[in-house]
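Trainee: model the following, please.
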Amino acid sequence: MSRPILTAADMRAAEAAAIAAGTAETLLMERAGAALAEAIRLYVGPRPTLFLCGPGNNGGDGYVAARHLRAKNYPVRVAALAEPTSESARWARAQWDDDVEPFDECEPAPILIDCLFGTGLSRGLEASVSERLQMLAGVAIVAVACDLPSGVASDDGALLSPTGRFDLTVTFGALKPAHRLMPAMARMGRVVLADIGIDVATDWREIGRPAVPPLDPAGHKYDRGMVAVLAGAMPGAAALAAGAAARAGAGYVRLDADETIANVPASVVQGQAGGLDDPRIGALLAGPGLGKEGGALLDRALASGRPLVLDADALGLLGDPGRLEGRDSILTPHDGEFSILFGPLRGSRPERALEAARRSGAVVVLKGPDTLVAGPDGRLGFAPPAPAWLASAGTGDVLAGIIAAMRARGLPAFEAACAGAWIHGRAAEAAGPGLIADDLLAAIPAVLA
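Mentor: All right, here's what the predicted structure looks like:
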């Protein structure tokens, strides 16, 4: 199941709505602190623990969590950066009936809980605070962040201050964009989402395991979806994409090339029987290895009327994204291709991806270590973290092939793109370090199973 993602403003609005409906802010804080304590209990265990509490509600969550752990006989200490400034944080501080140490004098502990600042931080920490936080977290055996590591901008994932790496981040109600955007995402460790009783309605979600269409026991190969892949100047890339489409469950994969290509799976049919207007084609993939002289092939793809997946060279040849108007299209650019295709767009990475989808009318898969899937209807999918070894030549061709298979199997464009991103990342995990793009093909079936 996918998890919701809210900006700082949307999170404040959701909390305000819950309070207006009769849920006391202190009850929300009690739930958040209890959830933080339970996550520490489950993931870390009973070792000497130091809570660092800031003056706002993030600090209030820390006081509550410390109280809950103390009730379970955990060895807990609390250090405060400043006295609480919000009413709820003052309430939480009053419930903690033990000493509070000064932040700048506290001794380290094996378990460090950062409750200094969370969602909505707009400027960096003072240098002395940032340096001391990094020291305390660096010498701890386990470092845990409440909501977000202090110094992270919640909406765009920027590091407003130098930020160390945490082992666990516990957040409440919904994920924040920074949990799934670089560079902050790399500092989070495992991200746990706790339900604190807030109604969340959003078109922004973390991509979860896809609901791949089931196979019909009485069906045939075309019922499972047909993918046609256009090969150009560098046919090896197209062959890799075609192999990925076959492994991802397409019932029939056709590789259209002017000559026979070596090292193509025997199950992939080479040839152009039926043409690109063949009504059985559920997805037409153009771009991998198309070459700079492939404009005529791209024109054929655009004129086919079939659902399109455009990757790599096709993106550079497309020129004006307006050419996609009225077409069922998925674009899969990396950052460089995105900039060439759409020019300089303002805003955060999510905002730029959504603007590109709106302008083109296509689903846009903005690839990277923090891949996003943006729909022209305003939906936005944030891919969960994928291993760093996925950054290897040819893996983008594999992604395009998986997406084409999902589209041909009957998923709508946005859902097919999200499914492809999720399967791609999990296949990389299964393949392990040292993978080359070919290794992903063998890993896909196990992921789907």
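
Trainee: any idea whether residue 228 is helix, strand or coil?
Mentor: Assigned by DSSP: H, G, I helix; E, B strand; the rest coil, the conformation of residue 228 is strand.

Trainee: no wait, residue 27
Mentor: Under three-state DSSP, residue 27 comes out as helix.

Trainee: leaving out the residues flanking it, which one is nearest to it?
Mentor: residue 197 (7.9 Å; C-beta to C-beta, 6 or more residues apart in numbering). Where C-beta positions appear, they are placed from N, C-alpha and C, glycine not excepted.

Trainee: residue contacts, that neighbour?
Mentor: 18, 23, 27-28, 31 (C-beta atoms under 8 Å, 6 or more residues apart in numbering).

Trainee: so it is in which element?
Mentor: According to DSSP states H and E, residue 197 maps onto no helix or strand at all.

Trainee: distance of it relative to residue 287?
Mentor: 46 Å (C-beta to C-beta, to the nearest Å).

Trainee: so what's the backbone phi/psi at the closest residue to residue 54 other than its chain neighbours?
Mentor: With sequence-adjacent residues excluded and distances taken as C-beta to C-beta, 6+ apart, residue 54 is closest to residue 116, at 3.9 Å. Phi and psi for residue 116, reported as degrees, to the nearest 10, are phi -80, psi -60.

Trainee: what's the neighbour count on residue 116?
Mentor: 29 (other C-beta atoms under 10 Å).

Trainee: pLDDT wise, what is it at?
Mentor: Listed pLDDT for residue 116 reads 98.

Trainee: swap in residue 293?
Mentor: 86.

Trainee: out of everything not next to it in sequence, what's closest to it?
Mentor: Nearest one to residue 293, counting by C-beta to C-beta, 6+ apart, is residue 233 at 6.4 Å.

Trainee: contacting residues for the one you found?
Mentor: Applying C-beta under 8 Å, 6+ apart, the residues near residue 233 are 289-294.

Trainee: select only the buried ones of these in ChimeraX?
Mentor: Of the contacts of residue 233, the buried ones go into a single ChimeraX selection, burial set by 16 or more other C-beta atoms under 10 Å:
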select :289,290,291,294
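
Trainee: quick check, residue 354 in a helix?
Mentor: Yes - judged by three-state DSSP, residue 354 forms part of a helix.

Trainee: what about the spatially closest residue to it that is not a sequence neighbour, neighbour count?
Mentor: Leaving out its chain neighbours, the residue that sits closest to residue 354 by C-beta to C-beta, 6+ apart is residue 374, at 4.8 Å. Residue 374 sits with 29 neighbouring residues when counted by other C-beta under 10 Å.

Trainee: ditto for the one 3 residues further on
Mentor: For residue 377, the number of neighbouring residues by other C-beta under 10 Å comes to 11.

Trainee: quick one: it from residue 357, how far?
Mentor: For residue 377, the distance to residue 357 - C-beta to C-beta - is 8 Å.

Trainee: so what's residue 139 up against?
Mentor: Contacts of residue 139 by C-beta under 8 Å, 6+ apart are residue 108.

Trainee: again, only this time at 10 Å
Mentor: By C-beta atoms under 10 Å, 6 or more residues apart in numbering, residue 139 lies in contact with 108-110, 112.

Trainee: please apply the same query to residue 195.
Mentor: So residue 195 contacts 31, 35, 172-174 (C-beta under 10 Å, 6+ apart).

Trainee: separation between it and residue 436?
Mentor: From residue 195 to residue 436 the distance is 41 Å (C-beta to C-beta).

Trainee: also residue 173?
Mentor: 41 Å.

Trainee: more neighbours: these two, which one.
Mentor: Ranked by neighbour count (other C-beta under 10 Å), residue 173 and residue 436 place residue 173 first, with 24 against 12.

Trainee: if I pick that one, what's in contact with it?
Mentor: 4, 6, 11, 14-15, 18, 28, 31-32, 119, 147, 193-200.

Trainee: one more pass at 7 Å, please.
Mentor: Going by C-beta atoms under 7 Å, 6 or more residues apart in numbering, residue 173 touches 11, 14, 196, 198, 200.

Trainee: hang on, isn't the fourth one packed against residue 15?
Mentor: Yes - assessed by C-beta atoms under 7 Å, residue 198 is found in contact with residue 15 at 6.3 Å.

Trainee: in the chain, what helix or strand scores lowest on average pLDDT?
Mentor: Confidence across the helices and strands of the chain bottoms out at strand 269-270, with a mean of 88, counting by mean pLDDT, DSSP states H and E.

Trainee: restricting to C-alpha, output the helix or strand following that strand in CSV.
Mentor: Following strand 269-270 in sequence order, the next helix or strand is strand 281-286 (DSSP H and E). Provided in CSV are the C-alpha atoms of strand 281-286 (Å, rounded to 0.1, in the frame of the first residue of the first chain):
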residue,chain,number,x,y,z
ILE,A,281,0.2,-3.4,-29.7
GLY,A,282,-0.5,-2.4,-26.1
ALA,A,283,2.7,-0.3,-25.8
LEU,A,284,5.2,1.0,-28.3
LEU,A,285,8.7,1.8,-26.9
ALA,A,286,11.0,4.1,-28.8
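
Trainee: what comes up buried for strand 281-286?
Mentor: Neighbour counts over strand 281-286 (16+ other C-beta under 10 Å) mark 281-286 as buried.

Trainee: chain center to that strand: distance?
Mentor: Here strand 281-286 is found 26 Å from its chain centre; the criterion is C-alpha atoms, centre = their mean, to the nearest Å.

Trainee: got the residue ranges for the helices in the stretch 151-300 of the chain?
Mentor: 235-247, 295-303 (DSSP state H, counting those that start in this stretch).

Trainee: and the next helix or strand past the shortest one?
Mentor: Next along the chain after helix 295-303, taking DSSP H and E as the criterion, comes strand 308-311.

Trainee: sheet-wise, list the partners of that next one with their directions.
Mentor: strand 281-286 (parallel), strand 329-332 (parallel) (DSSP bridges).

Trainee: flag the shaky bits of this protein, pLDDT-wise.
Mentor: The chain contains residues with pLDDT under 70 at 1, 272-274.

Trainee: distance of the residue nearest to residue 54 from residue 170?
Mentor: For residue 116, the distance to residue 170 - C-beta to C-beta - is 14 Å.

Trainee: thinking again about what came up before, my guess is the residue nearest to residue 354 meets residue 357, correct?
Mentor: Yes - with contact defined as C-beta under 7 Å, residue 374 counts as touching residue 357 (4.1 Å).

Trainee: any shared contact partners between those two?
Mentor: Counting by C-beta under 7 Å, 6+ apart, the residues touching both residue 374 and residue 357 are 363-364.

Trainee: nearest to the spatial middle of the chain, which residue is it?
Mentor: residue 383 (2.5 Å; C-alpha atoms, centre = their mean).

Trainee: what sits against the closest residue to it other than its chain neighbours?
Mentor: Spatially, and ignoring its direct neighbours in sequence, residue 383 is nearest to residue 371 (4.0 Å; C-beta to C-beta, 6+ apart). Residue 371 sits next to 365, 383, 421 when contact means C-beta under 7 Å, 6+ apart.
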